[in-house]
Structure formats: C-alpha cells, structure tokens
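> What follows is a predicted protein model with its sequence.
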Amino acid sequence: MSAERLARVALSVAAEPGDPTFTGLVRELGAAELVRALTENPDHSDLLSRVAGRLAGVDPRAVLDRAARSGIRFVVPGDDEWPTGLEDLAGAGAVNERGGVPVGLWVRGPGRLADLAGAVAVVGSRSATSYGTRVAADLAAVVGHAGVPVVSGAAFGIDYAAHRGALSADAPTVAVLACGVDRVYPTAHRPLLDHLAERHLVVSEAPPGAAPHRIRFLARNRLIAALSRGTVVVEAAARSGSLNTLHWAQRMHRVAMGVPGPVTQATSEGVHHQLRLGGAALVTGGRDVLELVGAAGEHLTDAPRGRATARDGLRVREQQVLDAVPVARQASTASIAVVAGLAEAEVDRTLRLLAGHGLVAEVAGGWRLAAGLECGP
Amino acid sequence: MGVATARCVALRGAVGHLIDVEVDVSAGQAGVALVGRADVALREGQERVRMAVANSALEWPSSRRATILLAPADLPKAGTHFDLAIAVAVLAASEQLDPRALAATLFVGELTLAGGLRPAPGVLPMVLAAAEHGIDRVFVPEPQAAEAALVPGTSVFGVRSLGQVVAQLRGEPVPEAPPVAAASGAALLTWRGQQRLEEADLADLTGMEDEKFALEVAAAGGHPLLLSGAKGAGKTSLAERIPTILPDLTAEESLELTAIHSLAGVLDPGQGLLVRPPFAAPHHDASKASLIGGGTGMVRPGAISQAHAGVLFLDEFALFRADVIDALRQPLECGDITVARQEESVTLPARAILVLAANPCPCGDYVPGRGRDGCSCPERVRRDYRRKVAGPVADRIDITRHVLAPTPADPDPFRAPETSAVVRARVAAARDRQRARFAGRAWRLNSQIPGPRLRDDFPVVAAARRRVDRLLYDGRLTARGAVRVLRLAWTVADLRTAAQASAPGAGEDPTAPPREDDVEVALRLRCGDPLTLPPAGHRPGAAR
C-alpha cells in the first residue's frame, strides 16, 4: 500500500473535512510530504499543531482494515474510480471557509464513483411541501429513466424524494453524507441508506464514525455539486443549505438549475432569488434538466405549444380575407372584398385557396365559414 | 256504547307528536266520520280498518255511528300507520275490548283487509316520541320489533295481525297468523357494491400524503372538503375512503341516524342501530327532493339527511342543478335542513361531511401547468364551468385540495402507507378532545363552532390571530374564510396533540389553543396550497 494513500487516510481522520488549509496543502505538497512535515517540523501554527498532535494517534492501516470489514473503501486521486470532476474544486475557492479537493472519499456500495460523471444533483428543503416532493420525485424519475444517475444528500424532504424518484426508475442514485458512511442520519432513513449501500453508493469525505456536525454539511454540499454535471434546487427558503450547493455548482461552472414554486410560499424564496439573479436556469421537470446537462443536441425538448389550428399557417393576406367572411351568414365575394379592403380578384383567388384548406365553403351566391370555425379565434 | 282512546304518533320530519285516536261509537246515522286533518292515505284507513275488523272475527259497529277524532285536531297527520290505533279504539268503544287495556300503550301499523299488520316507515322516531311521554308499551308490526326495541325501557310486542293484538290485550292465548312482509323499501336484491366499499382502505392509495391528511382533518373536525383535479386523478377513491377513517357513531348519533333511516324506510329490518357512519353518493341528476328531502305525503329524508354523521359525496359537483347546489347552503351553515312544503315545514338533521369533487373543466382533461394538456374545452367554456364551481357553496367549503394523478414515482419503497385503522385511531382521539372541550355545548365538532363563540370562547394564540387578520386586511381571506381557517386550526391542533399523546388524552389540556403552525396548516388547507408534510416515518404513531 502506497505511503501517499496511507497519509491521506491519516489526514482524513485527523483533519476536519473540507478544511481549505489542508486540502490546499495536500494539493501543493502531496499528503505524504505534508504528514512528514507536520510530524517532523515542530514550528507551525495552532491549527497545524492540533492536527499534527492528532496525526500521532492515527494508525491508518488499522483504520482502513476496520473500514474494509464494514464494506467501506477509501478512494483517492489516481484511483480508477476517482471522479475527475472533483478536481474542479481546486480552482473554486472557498465558501464558509470550506473548499478544495477532498483528500479522499469513503465509499460504501457496489457502484463506481467515476460513473457519476453526467449525474444530476437534486437538492432542496428538508421541510418540503407536497408540491416540492412531488416535483423532485418526478424530476429524478425522468432523469433516471434516461440513464442519468442522481446525487443528493440523505435528509428529509427533497433529498428523500429525489432518491425515491430515481429508485422508481431503477436508476443509480447516490447519497453524499456529512457524517461517516457507516452512520445513519437521520435515523428514520436507515432503510433508504441500507438500500443505497447495498445496491448503489453512499459517499462521504468524513471518516467512518464521524458525527453529522453542522459545518460538515457545508463541506459536503461542495461534493454534491462537484460529483454531478448539474445541480437542481427544488425548494429552498431564503437561508437554505441547498443554495450553498447551488453556489458551488455556479463556482465550478456546472449547470445550476432551480424549480419555481408558488410565490406565496416561503419555501420558494431562495430559489426565486437565484432565478431572478440569473444564477440558475428555470426548469420545470426532468426533461428540461436533461436538455441542460446533456451534450449539445441530446435530450432536446419541444417548446410548449398550444393546440395547432387551421389558421396557424396562413399568411397575413389570407387571414385578412378569412376575417372578412362574416361569422353567422354567407357573403358575396364583392362584399368580402369591401370588408377586407382588397381587390376583388385577389379576394376571389384567396377564398378558393382557403376553401382548399377547408376554412371556407362556396355556397350559392357567395361564401361562408366552414363548420367549426364560427366561434372565432 | 262509549268512548275509547288509543295512542299513535304523527311524524313531522324526525319529530314525533303523540296523537290520541279517540273513537266514539253511539246511536245515530250509521257510518264513520274521521276528523282531525288526516291526509288521503290515512283517510283510506277507514276502509282498511273496517274490513280488517270484519275479517278478524270481530264486529264492526256498522249499525251505529263511529266518530274518529285524531287529537290534537290542528296538527296535520299523514301515513297509514294509524290503522291499528283506530281499530283497537273502535273495538274498545264498541265494548269488544276493555278501554283500560289501551292505557299507556302505543299502536303502530298498517292493516290489510285480511287483518294482517304491515310495517310502516318511521317506527323508531315514533317509539322515541312515545317514550318521552311515558308510554312504555308498544305494539308494532313484527318486522319492526327489533327497531322499536332500540329504545331502552320499552316493552315491545311484535305482532302479525289485528287478531294477535286483540288476544294480547284481552289476555287470551295469541292465535297463529301468517308472517308479515317486510317494509316496502327493503332491498329486493343485493349486489357487491357495498362490499366493495367495505374492502376499501386508505393504504390502497400510494403517495397522496397531502390529500390523505386533508381527509384526516375533514374526518376529525367534520369539515366540508372540495377535491378538484383532472379525471382519473383519484378524487372518488379518496372520498370513498373517508368512512373508513371515521370512528363508530356515538350513541346519540347512532339513534339520530337510525331514526332518519327508519323515516326514509331504508332501514334493513333486524339490523338494529346503525353504528358505522354512512356514505351517500347521489348522482348529479338527482332531484332536489331526493337530495334535500321532501316528496308527497310524508316528508322523506333526502340523501343529505340519510348521510347524517357520515359522508355525502357529490361527484361532478358542477353538473348538479343550480337549485340543488343552492339548497346545500343551509346544511353547510347550521347542520340541519328545513323542507317547507305547502303548510308544513319540517327540519331534519343533516350533519354529513360534505365532499365535493370537480373536474378542472367540462372535459376533465385540463392539467394546469403542463404545456401539453389534453383539454379540448374552449377557454370560455372552462371559465363558465369554473364560475359554477366557485359559487357561494364553494366559499363555505373549509378545505380545498387539488388532486394530481399519481405517478410511478409516488410509492415510497421504504415505508408502507398508513392503514385506515391507524388514521381512524387519531381521528377518534381528536374527536375525544372535541367532546371534552364542547361538553355542555350545542355542537360536537370544530366545524360546527358558531363564529362568535369561536372568537370569544375559543381563540387561537395571539400571533396566529394577527396572521389571519393581516390576510383579512389584504383581502386574501374573506370574513367567512377567516372563521373557517380558525375552525380548521382547532382540528389541526387536535390531531397534532392526539398524535403526540402516547395514551389518549394523557395530560393534554383539550382547551389549549391552536398554535401559529396549526393556523399555517389551516390556511394552506383552506387556500389549496401544498402542505409541508411531516418527514417520513416521523409522524408520531405512523405505521412502520
């Protein structure tokens, strides 16, 4: 086992997930070098010394062995499975003092992390409305049917609905946790997390056993955005954590999307604000999402259109003549020409053309509208 | 020769008035005079009684004058059930029976020419009325003995013929008589429709958490409910399952409902008291009389009364006739229905949970918010239709839900839907709280609290009240709507506390006012906004 991998295990256990000081130093120096520097050089700042102190107590081999016995593996850059999309985090800066490429990911489940490229993240409020959960589940199901994996957290509300929708389409769906992948939070979602670990993937930057501390959710959010090609926020109040996920998607130039809700509801405020700022594209369902995250020309949607009517293809002149045919009775070509303000010969020609389209009918002494057109436009 | 009196009951609506049938048989021009505002059916009774007496080996005083008075004389009387009382009074007046044997006894039944006794509708309310006047012995047609016996402290004689009644009154051995046909309204055939509803359970429907919660609130507080949505969305399936989450009727409700069904002649003989809440779903072609009550002769309770304490479901609500829809206003406001006909006016209880279902447009395919809906209705037709739904009745509807058709993503693979039994337990607990709170009051459920009492005696917390007031000022809520929101808030609070308490009512003050979040839920229910649902598996008492 390489020293670099073991050093990353040690750092993952000793340092707080997503701490930009460490993710940055690991990127600059490499993990093995950083660990050596920390253990050998006594002259460092408070934070570094604390981590250095903790490093001494970590036996990375034992940690890996214990994890392996629970079916947990540790994936680091350079592994086959390593999702290269995470590298974008290196240039994405920090938000809330969290950021950078994770030193490694703890993973449970038979899926492959690298296969997530092209995935769609579906996130939103924990206290979602029935509207939100319905939209999220439907959206995830449509995305899933197209063979695109879904990424989300494991919270109540939108997260749960997104997994449920993807599973209904029998599509891969991945939960990214703020706590260790061996822990269940919230506890009510044990059946969901067990199922995902058995059939798909459960992922975390925090080592096994880590508790779901508040700041770890902020670090976790950047992974949800980084693991997927686009992020959809379904319902988010003004200060929702899912907006944090959306910011990360924007920072990495991934597709940021929002589903609008009723303007009367607080659960829509955060999403609407983002839509208004132009930071996110408005999507109404899975088809819209697929069009935006897919390759050019893939999953194109049709523009919404009303019912086609026989008048649709007419030129202005022809419409002018058609409008001049009275609604309830017949009229002669001459009187139609007067009403339309056009030459009689042209009107006659146009009327015959319209008759060919089935819009008017010739009767003794003139013309009348074809049946079914009487109600007007 | 002399005078004798037998007791019978005249029904006006579900109210029974005790009637003295006084008969005088004395010398004079031979014949019969019947006085006391009898209707045609009752008048024809003279002929039935005369032949029945003659064919029962008894003697009709044909050589003398019989005067029959139905007292009080000013009260209109209708129905054929006076026959038996007239017959025994005539027999007593002509000294074939001891007049004292008729004391404190009620006689009900229609006679056949052969002297047999046929059932008549409304026996239960009649016996109830008689019992109130201290009459504890009743003679009723045999098929209705069980119905009469529902009134406690009454000795019931179920008899088949006039001969049997006379023998009983004389203390003689009771002769055999052929059995009596059941009531004319008894079902001639049975089909599986009823069983289909008995099999229904809330757990049959996956997803629809929002709608199910609305049903729960409607059931707990008796709130009227409007389900709108495209055809096939599941509106009927939802409505049909409301009775499954209603607890058994209280003793009081049970007696009221059984009396109404007795009056309507739809009581299954031998069934006893009705204990399960009824479900009625009249077709939109229904006449006003069949829905509200009325008819010729006696006032027959309509579907709205027959569904008392249960559910009245009006599918395709907008297709009902305008006068029928309009007539629903009174029961929605005060829980009873007054049927005025010619000179009489009858009030019947009508406290059913009203459930309306409406399509979004006449063709029923309109799905709002979808680019490619299948609706073919012109905009004008759709507008007219919507206006019909949003009339004065709709304003009196507490809860509005827009039902969306289920999608394949709806079922939760990790959590089975709650069964009706689980929800029913919560509804029963919420109703217990209401019973405790409203003890000694004139109403039973939150939906029935009068507006002024709601304001003075049952206020919500101040912050919640301010929120409602703000919406009132903004014009987003009508005054009537505000009252309905506050009533709903009480039910939401009742359900919340009922679900939280591990033991029913344990340490919970039933008068604790609704909180701000209760009012928020109530507002959303009223306005048709989506609800914030409790997280999966975290609803207390949820089926796991």
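That came through fine. Numbers count the residues shown, from 1 in each chain, chains lettered A, B, ... in the order given.

> Doesn't B:Val9 belong to a strand?
Yes. Applying DSSP: H, G, I helix; E, B strand; the rest coil, one finds B:Val9 inside a strand.

> Just want the residue of the stretch 101-250 of chain B that's nearest chain A.
Going by Cβ to the nearest Cβ, chain A is nearest to B:Asp210 of the stretch 101-250 of chain B, at 3.7 Å. Placement of C-beta: from N, CA and C, glycine included.

> what element comes up after the helix or strand where that residue lies heading to the C-terminus?
Per DSSP states H and E: B:Asp210 is located in helix B:209-221. Downstream of helix B:209-221, the next assigned helix or strand under DSSP H and E is strand B:225-228.

> Distance from that following strand to the middle of the chain?
Relative to its chain's centre, strand B:225-228 lies at 21 Å (Cα atoms, centre = their mean, to the nearest Å).

> do stretch B:15-24 as well
The answer for stretch B:15-24 is 27 Å, by Cα atoms, centre = their mean.

> What residues does chain A have near chain B?
Within reach of chain B by Cβ under 8 Å from any Cβ of the partner chain, chain A has these residues: A:126-134, A:137-138, A:140-141, A:156-157, A:160, A:164-165, A:167-169, A:186, A:188-189, A:191-192, A:195, A:262, A:264-265, A:267, A:284, A:304-305, A:307, A:375.

> Just the ones in strands from those residues, please.
Among the residues of chain A next to chain B, no member is found in strands (DSSP state E).

> check contacts around B:Val217.
Counting by Cβ atoms under 8 Å, 6 or more residues apart in numbering or on different chains, B:Val217 makes contact with B:223, B:399, B:488, B:491-492, B:495, B:525.

> Out of the residues you listed, which sit inside helices?
B:488, B:491-492, B:495, B:525 (DSSP state H).

> Count residues in the vicinity of residue 48, would you?
I'll assume chain A. 18 (other Cβ atoms under 10 Å in any protein chain shown).

> please go with chain B instead
19.

> any idea how far it lies from A:Ala67?
95 Å (Cβ to Cβ, to the nearest Å).

> so who does residue 60 touch?
I went with chain A, as the question did not name one. A:Pro60 makes contacts with A:6-7, A:9-10, A:13, as judged by Cβ under 8 Å, 6+ apart.

> that's the wrong chain, I meant chain B
B:50, B:53-54, B:90.

> tell me which of those is nearest to B:Lys77?
B:Val90 (17.1 Å; Cβ to Cβ).

> looking at the chain, which helix or strand is least sure?
Looking at chain A here, since you left the chain open. Least confident helix or strand of chain A, by mean pLDDT, DSSP states H and E, is helix A:46-56 with a mean of 80.

> should've been chain B
For chain B, counting by mean pLDDT, DSSP H and E, that's helix B:193-199 with a mean of 64.

> just to revisit the earlier point, could the contacts of B:Trp60 go into TSV alongside distance to B:Arg455?
Putting the contacts of B:Trp60 into TSV (distance: Cβ to Cβ, whole Å) gives the following:
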residue	distance to B:Arg455
B:Arg50	63
B:Val53	63
B:Ala54	67
B:Val90	60
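
> Which two of these have the greatest separation?
B:Ala54 and B:Val90 (11.5 Å).

> B:Arg526 and B:Ala489: what is the separation?
For B:Arg526, the distance to B:Ala489 - Cβ to Cβ - is 10 Å.

> So for these two, which residue has more residues nearby?
Taking neighbours as other Cβ under 10 Å, B:Arg526 and B:Ala489 compare with B:Ala489 leading, 32 against 22.
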